[in-house]
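Peer 1: How does the following fold in three dimensions:
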Amino acid sequence: MTIPQAPGGQTMTTNGANANHHPTGPLSGMRVIDWTMWQFGPVSTMMLADLGAEVIKVESLDGDHGRQFGRVGGVLSDLPEGVNAYFEGMNRNKYGIALDLKNPKGREIMRKLASKSDVFVENFRKGVAERLGVGYDDLKEVNPTIIYGSASGYGPEGPDSTKPAFALTGEARSGAMWWSGPDNNTPYAVGIADQAAGIMLSYGILGAIVARERYGHGQRVDVSHLGSMIWTRGMQNGISLIQDAEFQRQDWRHAGNVLWNYYECADGEWIAFSMSQGDRYWPAMCRAMDKLEWMEDERFNSLEARYENRDLVIESMAEVFKTRPRAEWEDRLADAGDLIYEKVQRTLELRDDPQVKRNGYMIDFDHPVLGDSEWLQTPVSYSKNPVTTRKMAPAHGEDTETILIDMLGYDWEDIAELQEERVIL
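Peer 2: Modelled structure (predicted):
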């Protein structure tokens, strides 16, 4: 498949934190207009940028609210002024323009951007884009083949389609807060709705790109927190619907499969087991735990028996695992057989994980403000068109003048007039 070039022409270059090399990803040459904020939308467009697309982030004159996430979310930071870890993590590889879309001249600029782009993405409440003249029907007038990605809380239709939403509302409505956490029926936030929905939106947009290449048409792509979180738990939700019964929570102290569980070691570290075929692995586990008698004990020696006596089995295993530090358990488990287990790591431990480094899931990056830094990379590896991290997130309106002049044909007199009228920064 041949990816069409962005209608605007060559990939733009800007001043400031520019790439040291040209994009080489599979979406290189495509242009995406990113009118999103917070996390859901920015994650999706960042993934497209990581794949090589030229992504232009459009912000209001006040900026994406994600720039103030630390203050809003109560997360303290000692980073240099103007650098926000939350915003940086969602907006790398993007260029930035600041517009007042309530001004007709700002809306005109947005429509011109859309006319020269392949994809437009927004995550505002239903009706906002239309009121500002940048809804799907508005933009396809200037670009009939544009792909219009729309992110929402509850989906484009239905009685709640206009409700305000954030990640936690999606987790609550979808059932995700019910199926997570301890088994005392207290809701538990899983903290993945924005990321999961952002991934799903990228998936939808990529499908629309393929459809346009095959059939020649653009289209609207709608993705919601609610739908994405229902889908994220597809296996459990599918079983519940077919059996007409709620899938039970999996508190580790009462897990249905004692080998699909996690246990604390003597040093306070944890180790997780992921073995659905319990009878296959039970003998090797007994050898590792030095509990050969459990292979014959009728309370322990079959999947059914371990399920019926799961509280006793888990309590017994927990006592055993607290007798040795985790490193010793890893050695014993490795010697016992082909068991499926893994240490439970903390985020900062990923820095020294050779498997993470070797596969490029976390990379070193020379940040122009922070210096030597570590970044998460979109975890997709292509043999021909690699995913790349090329630049930091843009400063507020960083590339406004370059975009207006080089892409849209404005001159410096126009720029001065637009700044005087507070259409741009």
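Peer 1: Let me see the contact set for residue 220.
Peer 2: 136, 148, 149, 150 (C-beta atoms under 8 Å, 6 or more residues apart in numbering). C-beta: built from backbone N, CA, C; applies to glycine.
Peer 1: again with residue 321
Peer 2: Neighbouring residues of residue 321 by C-beta under 8 Å, 6+ apart: 263, 264, 265, 266, 271, 289, 329.
Peer 1: circling back: inside strands: which ones of the contacts of residue 220?
Peer 2: Filtering the contacts of residue 220 for membership in strands, criterion DSSP state E, returns 148, 149, 150.
Peer 1: pLDDT-wise, what's the bottom of the residues you listed?
Peer 2: pLDDT is lowest at residue 150 among the ones in strands among the contacts of residue 220; the value there is 94.
Peer 1: Quick one: residues contacting residue 385.
Peer 2: So residue 385 contacts 24, 25, 26, 28, 51, 52 (C-beta under 8 Å, 6+ apart).
Peer 1: and if you look at residue 151?
Peer 2: Residue 151 sits next to 36, 40, 41, 44, 121, 122, 123, 197, 198, 201, 223, 224 when contact means C-beta under 8 Å, 6+ apart.
Peer 1: Tell me, what's the model's pLDDT at it?
Peer 2: Residue 151 is given a pLDDT of 92.
Peer 1: ok, back up a step: which one of the contacts of residue 321 has the most neighbours?
Peer 2: Of all the contacts of residue 321, residue 329 has the most neighbours under the rule other C-beta atoms under 10 Å, reaching 23 neighbours.
Peer 1: about what we covered before: same list (the contacts of residue 151) but as TSV, adding secondary structure, distance to residue 217 and neighbour count.
Peer 2: Listed next are those as TSV, based on DSSP: H, G, I helix; E, B strand; the rest coil; distance: C-beta to C-beta, whole Å; neighbours: other C-beta atoms under 10 Å:
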residue	secondary structure	distance to residue 217	neighbour count
36	coil	24	29
40	helix	26	29
41	helix	23	27
44	helix	21	32
121	strand	18	26
122	strand	20	23
123	coil	23	28
197	helix	25	30
198	helix	25	26
201	helix	19	28
223	strand	19	28
224	strand	23	26
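Peer 1: which stretches of the stretch 151-300 of the chain form helices?
Peer 2: For the stretch 151-300 of the chain, the helices defined by DSSP state H, counting those that start in this stretch occupy 167-174, 176-179, 193-215, 225-232, 234-243, 278-288.
Peer 1: what comes into contact with the fifth one?
Peer 2: Where contact means C-beta under 8 Å, 6+ apart, the residues beyond helix 234-243 that reach it are 175, 179, 230, 246, 247.
Peer 1: Return the members of the residues you listed classed as buried.
Peer 2: The neighbour count (16 or more other C-beta atoms under 10 Å) marks 175, 179, 230, 247 as buried among the contacts of helix 234-243.
Peer 1: any chance of the residues you listed in JSON lines, with distance to residue 344 too?
Peer 2: Formatted as JSON lines, the buried ones among the contacts of helix 234-243 follow (distance: C-beta to C-beta, whole Å):
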{"residue": "175", "distance to residue 344": "25"}
{"residue": "179", "distance to residue 344": "20"}
{"residue": "230", "distance to residue 344": "27"}
{"residue": "247", "distance to residue 344": "23"}
